[in-house]
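Engineer: okay, predicted coordinates and the sequence, questions at the end:
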Amino acid sequence: MVGGGKPFGDSVFAGHAAAGAAAISASAVSVHPLDTVKSLLQLSATGPKQKMGLRQAVDRLMSVSGPAGLYSGLGWSIFGKLPGVGARFGIYELLTAFYKDGREDNHVYYSEAMLAGITAGAVEAFLSTPFELLKLRSQVGSAIPLKAKNTANVIQDSFPLLSKLLPGYVPDIRVWNGSVSLLSNLSPKHPDMMGALKQHPWMLTGSGKPPLPSDVQVPARVIVLEGWGALWRGLRPAIARDCVFSGMFFSSWQFIHTAMLTWKSVNMNPEPRNLDEAGPVHPLASSLAAGFSGVVAAAASHTFDTAKSRSQCTVIPKYIAMERRFHKWRAPGMWIERMTGISPADRNVLFRGIGLRMARSGIASFVLVGSYYFAIDQLL
């Protein structure tokens, strides 16, 4: 039989694509509970007395959603990682193939591995950011009691346009009444001036409380309330995070891979002329190297991950965003903070959950590479 009875036979591309999809899904499922708890720690209040500890986060999640809450947003996570991680490894392989072209030993230098990883990380961030926003808001919703949701239902009876233009928005009635009292001194030329003002979103969004992120976790509601651009909110810190992560991951992995091949070639007789003749590294050793590289890369990029998570859980109605553009609003902070999307208010919380993220990235990288090797062995 063609292909030795393997499911994909001689179809190499299809076999590698299926193995990659299976490995990505397995790694996402294996570490999603850690990712959920890590996200809750990152998104807790900034005050020292309001900081949520690991045990508090788990207890709150269990009391609201039970064990199923640990896997909230798993579907969005898988949908985001399939194109994101696929693009990361695919672009890295294309760029390193260009680097190795014409070399006798097919060796990739560490700087080249880092540059290829940085480029691949930027593409990964662009592809996966919309799915991460929906995943993150779903995770937040699993820790919010039902009684705290849908707080705008009563107020929307007085502001009927809210249900259409500003779903979930909670206006500040006291500020609204203050605005009405100021306008009441003017000579009215409209028979129902107050009713007419309620038809203008500019009056409704000038003050008030935005909806909870858990109330805006469905794609349709995100687009209606915040616009299409909201799907890529947090793109700047996401690009910074994934560029640093991928650059550190691939350069560390390449360093460890080269060290293992060098150690292997020393004990060979006769000694090989180059590392290619030393043969491949054992899949388990390669998986362990990938896991260690994931830990190092997570530690280096964690601050940007926290900034991205807090940015994506900020609900900004599109009319408020329009006002900011109209007034040429400038983000606060130093130039590096504005460039990478870090809020100055989050400076003291950027390292929250770093231990969980290091564990999550190490396990995910180990499972990803190990599952990929196992799937390739079974399919091709």
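Structural biologist: It's in. Residues are numbered from 1 along each chain as shown.
Engineer: now the most centrally placed residue in the chain. Nearest residue, chain neighbours left out?
Structural biologist: Residue closest to the mean C-alpha point of the chain, counted by CA atoms, centre = their mean, is residue 132 at 4.1 Å. Excluding its sequence neighbours, the residue lying closest to residue 132 (CB to CB, 6 or more residues apart in numbering) is residue 80, at 5.5 Å. Every residue, glycine included, has its C-beta placed from N, CA and C.
Engineer: which residues are in contact with that neighbour?
Structural biologist: For residue 80, the residues meeting the contact criterion (CB atoms under 8 Å, 6 or more residues apart in numbering) are 127, 128, 130, 131, 132, 135.
Engineer: what about the residues you listed, which are in helices?
Structural biologist: Filtering the contacts of residue 80 for membership in helices, criterion DSSP state H, returns 127, 128, 130, 131, 132, 135.
Engineer: just checking, the fourth one touches residue 76?
Structural biologist: This points to residue 131. Yes. Using CB atoms under 8 Å, residue 131 makes contact with residue 76 at a distance of 4.9 Å.
Engineer: highest neighbour count among the contacts of residue 80?
Structural biologist: Sorting these by how many neighbours each has (other CB atoms under 10 Å) puts residue 135 first, at 28 neighbours.
Engineer: which element is residue 139 on?
Structural biologist: According to DSSP states H and E, residue 139 maps onto helix 110-141.
Engineer: pLDDT averaged over that helix, what's the number?
Structural biologist: Confidence for helix 110-141, expressed as mean pLDDT, is 96.
Engineer: what's the pLDDT at residue 189?
Structural biologist: Residue 189 is assigned 65 on the pLDDT scale.
Engineer: equivalent analysis for residue 271, please.
Structural biologist: So residue 271 comes in at 78 (pLDDT).
Engineer: please apply the same query to the one 4 residues further on.
Structural biologist: In this model, residue 275 is scored at 77, pLDDT.
Engineer: who are the contact partners of the residue lying closest to it once chain neighbours are set aside?
Structural biologist: Once its chain neighbours are removed from consideration, residue 275 has its nearest residue in residue 261; the separation is 4.4 Å (CB to CB, 6+ apart). For residue 261, the residues meeting the contact criterion (CB under 8 Å, 6+ apart) are 275, 278, 281.
Engineer: among these, who's most crowded?
Structural biologist: residue 278 (19 neighbours).
Engineer: perfect, that will be all.
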